[in-house]
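1. Sequence isn't available, so here's the structure alone:
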């Protein structure tokens, strides 16, 4: 995918995803506290998990952005962009709820230690961070640094792909929350 199309696509995914996630904080408390029959997470836990995961992804994204920008000073960016391949198929799978098996690290498990209002503020701050990193790399610099992502066997992905991953992770859990809401509505 051409970098001039990719950057706006990531921007749009992030904005759309975070806006949709934010609407869940306005849902009635009974829905956000509803425990699915499967024993899965309640919506408040899902929201907390999204914020926790974003926190750890943003640590990698920040480091990656710094390294990519350092690499831009000593690398031919145009040449790097000619060989850039965006791993769309594998990254799009991240956005599909239950599309692959994954055991998440314990530090990404929701604890209930944060109130929904705190989680909401965290998510708003995280969106601003994502968009800030994206704006720091407007010419394709994000392709100049890659690190390994083990989720779904992605392997080495660059900073733009990490940002896309973060957005797709949010999409995955939007679907999960919709499933919880559908079950809640049927249980009334």
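-> That came in fine, so what should we check first? Just so you know, these numbers come straight off a predicted model, no measurement behind them.
2. For residue 52, give me the pLDDT.
-> Residue 52 carries a pLDDT score of 96 in this model.
3. Sorry, slip of the keys, the one I care about is residue 17.
-> 98.
4. Which strand or helix spans it?
-> Assigned by DSSP states H and E, residue 17 belongs to helix 3-23.
5. quick one: contacts of that helix?
-> 1, 47, 50, 81, 84, 86, 120, 123-124, 126-127, 130-131, 134, 137-140, 143, 160, 163-164, 166-168, 170-171, 173-174 (Cβ atoms under 8 Å, 6 or more residues apart in numbering). To be clear about C-beta, it is placed using only N, CA and C from the backbone, and glycine gets the same treatment.
6. I'd like to know which of those are buried.
-> 47, 50, 81, 84, 86, 120, 123, 126-127, 130-131, 134, 137, 140, 143, 160, 163-164, 166-168, 170-171, 173-174 (16 or more other Cβ atoms under 10 Å).
7. Okay, and which of these map to strands?
-> Using DSSP state E, no member of those falls in strands.
8. From residue 70, how far off is the residue nearest the centre of the chain?
-> By Cα atoms, centre = their mean, the mean C-alpha position of the chain lies nearest to residue 166, the distance being 1.7 Å. Going from residue 166 to residue 70 by Cβ to Cβ, to the nearest Å gives 22 Å.
9. now do residue 108
-> 29 Å.
10. Looking at these two, which has the bigger crowd around it?
-> Shown here are residue 108 and residue 70; by other Cβ atoms under 10 Å, residue 108 has more neighbours (16 against 13).
11. shaky segments in the chain?
-> Filtered on pLDDT under 70, the chain yields the residue ranges 102-103.
12. can you map out the helices along it?
-> Using DSSP state H, the helices assigned to the chain run over residues 3-23, 29-32, 43-72, 77-82, 88-94, 116-136, 159-187.
13. so can I have TSV of these showing distance to residue 152?
-> Shown next, in TSV, are these (distance: least, Cβ to Cβ, whole Å):
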stretch	distance to residue 152
helix 3-23	17
helix 29-32	28
helix 43-72	14
helix 77-82	25
helix 88-94	6
helix 116-136	20
helix 159-187	9
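14. Could you say which one of the ones you listed comes nearest to residue 100?
-> Closest to residue 100 of those is helix 88-94 (Cβ to Cβ; 6.3 Å).
15. tell me what the closest one is packed against?
-> Contacts defined by 3 or more Cβ pairs under 8 Å, 6 or more residues apart in numbering; DSSP states H and E place helix 88-94 against helix 159-187.
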